[in-house]
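1. Just need the structure, nothing else, for what follows:
(one chain, ligands or ions: 1)
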Amino acid sequence: MPARDQKEMKLIVSEIRTETPEIKSFRFDLGLNKPFPFRPGQFMIIKAEVWNPKRNRMGPVNRAFSLSSSPTDEDYIEIAAKRYEGGRLTPWLHDSVKVGDVLNVKGPEGQFVFTEGESDEIVLIAGGIGIAPYRSMIRYILTKGLPAQVKLLYSARTPADFAFKPEFDAAAQGHPNFHCVYTITRPAGLPWSGRIGRFDEAFFRDHLGPVGTLYYLCGPDRMIKEQAQILTTLGVPYPMILSERW
Ligand SMILES: Cc1cc2nc3c(=O)[nH]c(=O)nc-3n(C[C@H](O)[C@H](O)[C@H](O)COP(=O)(O)OP(=O)(O)OC[C@H]3O[C@@H](n4cnc5c(N)ncnc54)[C@H](O)[C@@H]3O)c2cc1C
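-> Model prediction:
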């Protein structure tokens, strides 16, 4: 049974943007489906009929994508999707879906959310495409002028692999309550004056918030376990760590 507030919608793709060599943003007009309430951090399911190479025919695929737009973007929703080579849905999404196409979308779902008033200190920890739900939270907090202090710790392979970096940098300039710290794991010969290296204990120690800070983790299971382990070693109480496994 779908949750009470979920909707199945046919939505028109109104914009596609290339964010990085592997990540594209897809905007869907809400049209008559407005208003579409959701909480920053929730996800949608994209349902499509795509080629199934194992069965040599078309077949249904459902995949979850975090909403990367904010509930304050009232006319549309957006997702940011990484292209997985050999994947069923994302090569189709990247290579075949065009502006004007209609997609089946269901949601919203998920408890990995920013909740107003829960804590005024939050640290968002993102690797690669794990940035998607945080873009929603950041846009929401800054657009609404909420008092939360937000620190984004964002890691990507190379400087070219950061999605939304110009937007975050501009937001950080204009909002003293928002800070971004970037780190790359492979310099790849590109200009980069920031930190190089994976998230590790020393890095997290440098960016711990005060008592009462909420830490958000999202991505593959192994990465979340590793990062949660480091945070708890540094004294962060387990209930202050929120996570979503992809
Ligand atoms: C709550 C949630 C939110 C998410 N939000 C986002 C988001 O915002 N953006 C985003 O990009 N993704 C997100 N994801 C991940 C997304 O749902 C998909 O899992 C992802 O996009 C891959 O889908 P796909 O169909 O392209 O690849 P899949 O077909 O699922 O394959 C994924 C990878 O596994 C490999 N693979 C598949 N089958 C096998 C096999 N039998 N043996 C070996 N390798 C195999 C493929 O080659 C591919 O590289 C989210 C997931 C969850 C659960």
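2. quick one: the most centrally placed residue in the chain and Val236, what's the gap?
-> Here the mean C-alpha position of the chain is nearest to the C-alpha of Ala132 (C-alpha atoms, centre = their mean), at a distance of 1.4 Å. To Val236, Ala132 is 23 Å away according to C-beta to C-beta, to the nearest Å. In this view, the C-beta of every residue, glycine as well, is placed from N, C-alpha and C.
3. cool, and Val50?
-> For Val50, the distance to Val236 - C-beta to C-beta - is 41 Å.
4. quick one, which of those two is more surrounded?
-> Val236 (20 against 17; other C-beta atoms under 10 Å).
5. for this structure, which spans come out with low pLDDT?
-> In the predicted model of the chain, residues 1-4 satisfy pLDDT under 70.
6. who in it is up against the ligand?
-> 43, 61, 63-66, 79-82, 84-90, 110, 129, 132, 244, 246 (C-beta under 6 Å from any ligand atom).
7. May I see the buried residues of stretch 71-82?
-> Along stretch 71-82, these residues count as buried under the neighbour rule (16 or more other C-beta atoms under 10 Å): 71, 73, 76-82.
8. Mark which of these are part of strands, please.
-> 76-82 (DSSP state E).
9. Those: which two are farthest apart?
-> Pairwise distances across these (C-beta to C-beta) peak at 20.5 Å, for the pair Tyr76 and Lys82.
10. What segments of this structure are strands?
-> 7-18, 23-29, 43-52, 57-66, 76-82, 102-109, 121-127, 149-156, 178-184, 195-196, 214-219, 241-245.
11. With distance to Lys165 added, can I get those in CSV?
-> Below are the strands of the chain laid out as CSV (distance: least, C-beta to C-beta, whole Å):
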stretch, distance to Lys165
strand 7-18, 13
strand 23-29, 11
strand 43-52, 22
strand 57-66, 18
strand 76-82, 13
strand 102-109, 26
strand 121-127, 12
strand 149-156, 8
strand 178-184, 7
strand 195-196, 14
strand 214-219, 18
strand 241-245, 22
